[in-house]
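*Asks:* Here is my input; please provide its structure:
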Amino acid sequence: MTYVRFVARGPWGFSPSSGAGLWIVEVAAGGVAITSKRDGTAVTAGAGEHVVVSDGGGLVVADRAGRRPVGCAGVAADDRGVARYGDTGAVTELLVVRKVVAHDVVGILPAVFRLDVDRGVAAALHATLGLLEHERDRGEVGADLVTGRLVEVLALQAFRTATASASGTVLRLLRDPRLAGAVRAMRDDLARPWTVASLAREAAMSRASFAEAFRVAAGRTPLALLRQWRLCEAKRLLRETPLALQEIALLVGYESAPALGRAFARREGISPGTWRREVAVQSANAAT
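*Replies:* Down below sits the predicted model:
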């Protein structure tokens with residue numbers, strides 16, 4: 001788990017070098033624009049709002065949309081977890097929690113989205129972040145356990161809000177009997193070398209009609225959803241089994257370990273092996 005308070009002044013922007021996991025960002029002051037390099041999705045948020053990132057491996061985080069990274073990626077946090085950039089200009093203050101999360105729902109979440117919650121929930125999130133920072137700063141006995149549990153609370157709240165949208169996407173696909181057949185076939189056989197044409201045959205539709213119907217229902221292409229599901233299953237196998245990366249690659253539809261590694265790193269920002277080790281360490285810490 002990583003917790004950072006980021007304070008920036010003036011024009012700023014950076015691309016995280018290692019973004020694996022679920023990010024929860026609270027804007028304490030100013031504003032932020034977070035853009036996914038994978039699909040171009042851009043989300044802006046102002047003071048008091050929260051943003052969730054499920055695809056931290058390919059982001060631009062900046063003071064405004066369209067800003068290019070301007071050299072603050074190397075700014076390091078001090079021993080209190082505060083990172084600062086710039087001396088003059090408008091101030092932006094972000095509270096950022098990053099946690100490696102191995103959960104099937106992450107595979108169908110948008111890359112980046114704003115949490116649309118009422119004032120009560122926003123206040124609860126703010127209070128939880130405040131407690132997290134308080135525990136970390138005091139460093140008393142049991143602080144690691146308490147902060148770990150507080151991060152779990154934050155992640156759960158993010159899931160509650162986000163899965164309504166994600167589940168809605170899948171439900172829209174399943175409501176159409178033709179699309180449902182293709183979706184189930186794809187989900188049940190990730191190792192198969194699917195194409196839009198072969199999925200269209202499962203749906204008994206023309207390639208063009210299937211692609212358009214899928215896009216309207218899901219807001220993404222069939223192969224984009226397939227990639228997410230493959231990487232989601234790869235995460236599960238990395239977390240729950242001792243299988244070698246080559247074996248996992250073949251099980252989830254990649255021709256080789258390097259091919260899976262490249263796809264994994266593009267989405268997560270780190271290699272499958274590093275991700276597996278981070279999850280193992282977090283699981284061990286949670287058990288103690």
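
*Asks:* Give me the pLDDT for the residue nearest the centre of the chain.
*Replies:* Nearest residue to the geometric centre of the chain (Cα atoms, centre = their mean): residue 54, 1.0 Å. If you check residue 54, the pLDDT there is 72.

*Asks:* try residue 202
*Replies:* So residue 202 comes in at 94 (pLDDT).

*Asks:* ditto for residue 253
*Replies:* Model confidence at residue 253 (pLDDT) stands at 96.

*Asks:* after the lowest-mean-pLDDT helix or strand in the chain comes which helix or strand?
*Replies:* Within the chain, no helix or strand scores below helix 143-175, which has a mean of 70 by mean pLDDT, DSSP states H and E. Once helix 143-175 ends, the next helix or strand along the chain (criterion: DSSP states H and E) is helix 177-188.

*Asks:* Counting by contacts, list what that following helix packs against.
*Replies:* If contacts are counted by 3 or more Cβ pairs under 8 Å, 6 or more residues apart in numbering; DSSP states H and E, helix 177-188 sits against helix 143-175, helix 196-202, helix 207-218, helix 222-240. Where you see a C-beta, it was placed from the backbone N, CA and C, and this is true even at glycine.

*Asks:* Centre of the chain to that helix, how far?
*Replies:* 25 Å (Cα atoms, centre = their mean, to the nearest Å).

*Asks:* Make JSON lines from the helices and strands packed on helix 177-188 and add mean neighbour count and distance to residue 30 to it.
*Replies:* Listed next are the helices and strands packed on helix 177-188 as JSON lines, based on neighbours: other Cβ atoms under 10 Å; distance: least, Cβ to Cβ, whole Å:
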{"stretch": "helix 143-175", "mean neighbour count": "16", "distance to residue 30": "21"}
{"stretch": "helix 196-202", "mean neighbour count": "17", "distance to residue 30": "43"}
{"stretch": "helix 207-218", "mean neighbour count": "16", "distance to residue 30": "34"}
{"stretch": "helix 222-240", "mean neighbour count": "19", "distance to residue 30": "32"}
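
*Asks:* Make JSON lines out of the ones you listed and add distance to residue 76.
*Replies:* Converted to JSON lines, those look like this (distance: least, Cβ to Cβ, whole Å):
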{"stretch": "helix 143-175", "distance to residue 76": "20"}
{"stretch": "helix 196-202", "distance to residue 76": "45"}
{"stretch": "helix 207-218", "distance to residue 76": "40"}
{"stretch": "helix 222-240", "distance to residue 76": "28"}
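
*Asks:* just to revisit the earlier point, pull up the gap between the residue nearest to the centre of the chain and residue 98, please.
*Replies:* 11 Å (Cβ to Cβ, to the nearest Å).
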